[in-house]
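Would you be able to build a 3D model of this:
(one chain, ligands or ions: 1)
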Amino acid sequence: MKLEGIHHITAITGDAAGNVEFYTDVLGLRMVKRTVNQDEPNVYHLFYGDEHGSPGMDLTFFEYPGAAAGVAGAGMVHRIVWRVASVEALEFWKDRLEARGVVSERSGDSLLFSDPEGLGHELVVAGVDDEPLTADSPEIPAEHALQGFDGVRAYSLSPVRSEPLLGDTLGFRRAEGERWNVRGERRGSFYSYDPAPPELNRRQGAGTVHHVAFAALPEDLEAWRLRVVSAGASPTPVIDRFYFKSVYFREPSGVLFEIATIGPGFAVDEDAEHLGERLSLPPDFEPLRERLELTLRPLPYPPAWRLASSA
Ligand code: ZN
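Predicted structure coming up:
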């Protein structure tokens, strides 16, 4: 039983429209599901990914309109690291981000930047041969597209406390220092710790990561849950999120983890050609549709080129 790397990463935005613009237009991701937060169904839950909505390339946001900016501190992920194919892709992205008014910093084989709300991103040249997971975009040559998550970096005051859970329970393998690899039969990712900054104003808010989910085979989820219980952590029951099933627990450094199943996926309730173009609601939430369609703000998606190419 192995985890297949990162399944998805969920963060917070205070501005869904600006968020859609940055992730679909600037970064060239596809919106693969437009739904609501199942724990708070009056707010959006937006999912961005590759053309197929694959685990491993799925960044999601809860929108709390007007949310104050958060500050990543101990127990929080502070950087999302994505793969690209080449050094030429890093150059492409440096130019593209600059043209869109986004400051970036090139350092070695990596490019650092933040989204409009301060969420940290890094592009690195892929060092593994996992399948590239890419989205189509008319402005981004396929060879330069983002290819999925390489990993995440979190702050910890005491990473040693997390070692038994990561290593013994979840099967992460320590690489060097505080960097761990989590790899299954098909994909892998890294999870690493940096020393927590001294600021005391750590705060969940816009531009911060809420949780990181690791991918499991559907038939293994209950066994993963029991394994987490026997390690002394306190997971939720298995929760059916309709697009996948999930278990949540906090790892000892404070980061909220989820284990999510690979499948059934985002095409379970809409045509794969039209993912994310309208509000999708799992059956339990369908009675809220009329109210939600009045209160949720319109989003600048899909772009005209997508409508034209699927017409
Ligand atoms: Zn999640």
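
ok, the closest residue to residue 77 other than its chain neighbours - contacts?
The spatial neighbour of residue 77 that comes closest, neighbours along the chain excluded (C-beta to C-beta, 6 or more residues apart in numbering), is residue 209 at 3.8 Å. No exception for glycine: its C-beta is placed from N, CA and C like everyone else's. Residues counted as contacts of residue 209 (C-beta atoms under 8 Å, 6 or more residues apart in numbering) are 9-12, 72, 76-78, 80, 119, 152.

top of those by neighbour count?
Neighbour tally across the contacts of residue 209 (other C-beta atoms under 10 Å): the maximum, 27 neighbours, falls on residue 119.

follow-up on the earlier one: show me what the residue nearest to residue 77 bridges to in the sheet.
Beta-bridge pairing of residue 209 under DSSP bridges involves residue 11.

which one's the longest strand in this structure?
strand 40-49 (DSSP state E).

Please work out the average pLDDT along the helix or strand just after that strand.
Using DSSP states H and E, the helix or strand that directly follows strand 40-49 along the chain is strand 58-63. What strand 58-63 shows for mean pLDDT is 98.

ok so, going back, give me the sheet partners of the longest strand of the chain and which way each runs.
Checking strand 40-49 against DSSP bridges gives partners strand 30-37 (antiparallel), strand 58-63 (antiparallel).

want to throw the ones you listed into JSON lines with mean neighbour count?
Formatted as JSON lines, the strands paired with strand 40-49 follow (neighbours: other C-beta atoms under 10 Å):
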{"stretch": "strand 30-37", "mean neighbour count": "23"}
{"stretch": "strand 58-63", "mean neighbour count": "24"}
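
near the ion, which residues of the protein show up?
Those residues of the chain that sit near the ion, judged by C-beta under 5 Å from the ion, are 10, 213, 258.

which one of the residues you listed sits closest to residue 139?
residue 10 (26.4 Å; C-beta to C-beta).

contacting residues around that closest one?
Contacts of residue 10 (C-beta under 8 Å, 6+ apart): 59-62, 209-213.

Kindly provide the distance from it to residue 92.
Applying C-beta to C-beta, to the nearest Å, the value for residue 10 to residue 92 is 28 Å.

low pLDDT regions in the chain?
For the chain, the stretches with pLDDT under 70 are 199-200, 311.

Grab the longest helix from it for me.
helix 87-99 (DSSP state H).

Quick one: distance of that one to the chain centre.
Put simply, helix 87-99 sits 22 Å off its chain's centre (C-alpha atoms, centre = their mean, to the nearest Å).
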